[in-house]
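Engineer: Compute the structure for the input listed below.
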Amino acid sequence: QPTEDIKEVVESAVESYQWNITDYENLYRALGEIATEVNKGIVTVTTRTPATDFFDNPIETEGKASGVIWNITSYEMLILTGYRTQEGESTVEVTFCNGTKAAASVKSADGRTGIAIVSVPLASVDEATSEQVRPVPLGNSIEARLGQPVILAGSPKDFVGSVAYGMITYVRPGVQKEDMDVRMLYTDVSTGSQATGVVVNLKGQVIGVLTAGTTGSGTTGAIGISDLKSSIERLSNGSSLAYLGVIGQDVTEEISESRQIPRGVYVSEAVLEGPAYNAGLQSGDVLMALDDTEILSV
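Structural biologist: Numbers count the residues shown, from 1 in each chain. A predicted model of the protein is given here:
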C-alpha cells in the first residue's frame with residue numbers, strides 16, 4: 001500500500017523467503033553459462049619436438065597446455081598460454097573448442113613468467129570455427145579482493161575445457177619474480193599439479209594466469225593479469241623481452257636511511273647462469289644505475 005515503507009516491505013520479503021534446491025541449481029546454472037562462454041575462447045596448444053631414445057632412434061616428444069584466445073585481429077588469432085616453449089620445436093598445433101585443429105607458431109615467449117603468445121593465421125581457420133570461437137577479454141587484477149567468486153578455466157582439473165569454481169582467499173602484492181614484482185591471486189580451488197589456464201571473474205574477464213609451482217592440492221595461485229599486460233602486448237607483436245636474471249626488491253628512501261645503503265634495487269638473488277650472474281652480480285649487491293640511467297625500482 002502507498003502508506004507502507006517500501007524498504008521494510010522488501011526486507012521483510014527477503015527475510016521470510018525460504019531458499020530451496022532450485023535456487024541452488026539456478027546459481028550454478030548461471031556460473032555454468034559464464035564458463036561455457038569463456039570455454040569458447042579456450043584452446044589446447046600442442047607442441048612437438050624432435051628427440052632420440054636410448055637407442056638413438058628418432059622420436060618426437062609432445063607437450064600440451066591450455067591457452068586462451070585473448071585477441072583476434074584482421075589476420076590472426078592471438079593465444080595466451082602458460083606453456084614454456086622448448087628449443088627445437090618442430091610444430092605447434094592448436095585445437096579449438098569444437099575439436100578442429102590448425103597449425104600455429106610461437107610469436108614470442110617470456111622465460112621469467114613462463115607465458116607465451118601463440119599465433120594462428122585466420123586463413124587456416126575454417127568459417128564454422130571462426131563463428132564459434134570468442135576472445136576472452138583481459139580484466140583488472142588490481143581490483144581483485146578477498147572473497148571474490150572466480151572461475152578457473154583452461155585445464156584446472158588436468159583436462160582442457162574443465163572448470164572449477166571458488167573464491168580468492170588471499171591477494172599478495174609485491175611478490176618477487178625474475179626482473180619484476182607481481183601481484184599473486186590465491187584461490188581455494190584444488191587443481192592438478194600440471195594444471196594450466198586462467199582465473200576469470202564473473203564478468204567473464206581474465207584476471208590471472210596459472211603459473212608453474214603454484215598449482216596442486218590446497219590453494220592455487222595465479223599471477224595477476226594487470227602485471228602481465230605490457231608483456232602480453234610486446235609478445236603479441238613478436239618482440240622479445242629484455243632479461244637480466246635478478247630477483248630483488250626496491251631500496252626505498254626510508255630503507256636507505258635506516259640501513260645506510262644506497263637507493264636502487266637490492267639483489268636478493270642472481271639467477272644461476274643468468275646474464276646478471278654470469279656478469280658477476282651476486283646477492284647483496286645494490287643496482288644503482290644501468291649506464292647513465294638511475295635505477296630506483298625493480
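
Engineer: so where is this structure shaky, pLDDT-wise?
Structural biologist: For the chain, the stretches flagged by pLDDT under 70 are 1-4, 83-90, 217.

Engineer: Now do the buried residues in stretch 194-204.
Structural biologist: With burial defined by 16 or more other CB atoms under 10 Å, the residues of stretch 194-204 counted as buried are 195-201, 204. Every C-beta, even on glycine, is put in place using the N, C-alpha and C of the backbone.

Engineer: Output that stretch as CSV, nothing but the C-alphas.
Structural biologist: Output of stretch 194-204 as CSV, limited to C-alpha atoms (Å, rounded to 0.1, in the frame of the first residue of the first chain):
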residue,chain,number,x,y,z
GLN,A,194,50.1,-29.9,-14.2
ALA,A,195,47.2,-27.6,-14.4
THR,A,196,47.3,-24.6,-16.8
GLY,A,197,44.8,-22.0,-17.6
VAL,A,198,43.4,-18.7,-16.3
VAL,A,199,41.4,-17.2,-13.4
VAL,A,200,38.2,-15.5,-14.6
ASN,A,201,35.9,-13.1,-12.8
LEU,A,202,32.1,-13.3,-13.0
LYS,A,203,32.2,-10.8,-15.9
GLY,A,204,34.0,-13.4,-17.9
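
Engineer: Give me the neighbour count for Ala102.
Structural biologist: Other residues within reach of Ala102 by the criterion other CB atoms under 10 Å amount to 19.

Engineer: Would you mark the buried spots in the strand or helix carrying it?
Structural biologist: Applying DSSP states H and E as the criterion places Ala102 in strand 101-110. Within strand 101-110, the residues scored as buried using 16+ other CB under 10 Å are 102, 104, 106-110.

Engineer: Same question for stretch 218-237.
Structural biologist: 219-228, 231-232, 234-236.

Engineer: In contact with the one residue sitting closest to the centre of the chain, which residues?
Structural biologist: With distances taken as CA atoms, centre = their mean, Val209 lies nearest the centre of the chain, 1.5 Å away. Listed by CB atoms under 8 Å, 6 or more residues apart in numbering, the contact set of Val209 reads 80, 82, 113, 115, 198-199, 222-223, 225, 228.

Engineer: From those, pick the one nearest Lys177.
Structural biologist: Thr113 (6.7 Å; CB to CB).

Engineer: Isn't the closest one up against Lys177?
Structural biologist: Yes. Counting by CB atoms under 8 Å, Thr113 does reach Lys177; the two are 6.7 Å apart.

Engineer: Looking only at neighbour counts, state which of those two leads.
Structural biologist: Ranked by neighbour count (other CB under 10 Å), Thr113 and Lys177 place Thr113 first, with 22 against 15.

Engineer: out of the buried residues of stretch 194-204, which are inside strands?
Structural biologist: Members of the buried residues of stretch 194-204 lying in strands (criterion: DSSP state E): 196-200.

Engineer: mind putting these in CSV, distance to Val38 included?
Structural biologist: Formatted as CSV, those follow (distance: CB to CB, whole Å):
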residue, distance to Val38
Thr196, 15
Gly197, 10
Val198, 8
Val199, 11
Val200, 5
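
Engineer: in the stretch 51-200 of the chain, which spans are strands?
Structural biologist: 58-72, 76-81, 91-95, 101-110, 115-121, 149-155, 162-177, 180-187, 196-200 (DSSP state E, counting those that start in this stretch).

Engineer: Find the one among those with the highest mean neighbour count.
Structural biologist: Burial among the strands of the stretch 51-200 of the chain, expressed as mean neighbours by mean count of other CB atoms under 10 Å, is greatest for strand 196-200, which shows a mean of 30.
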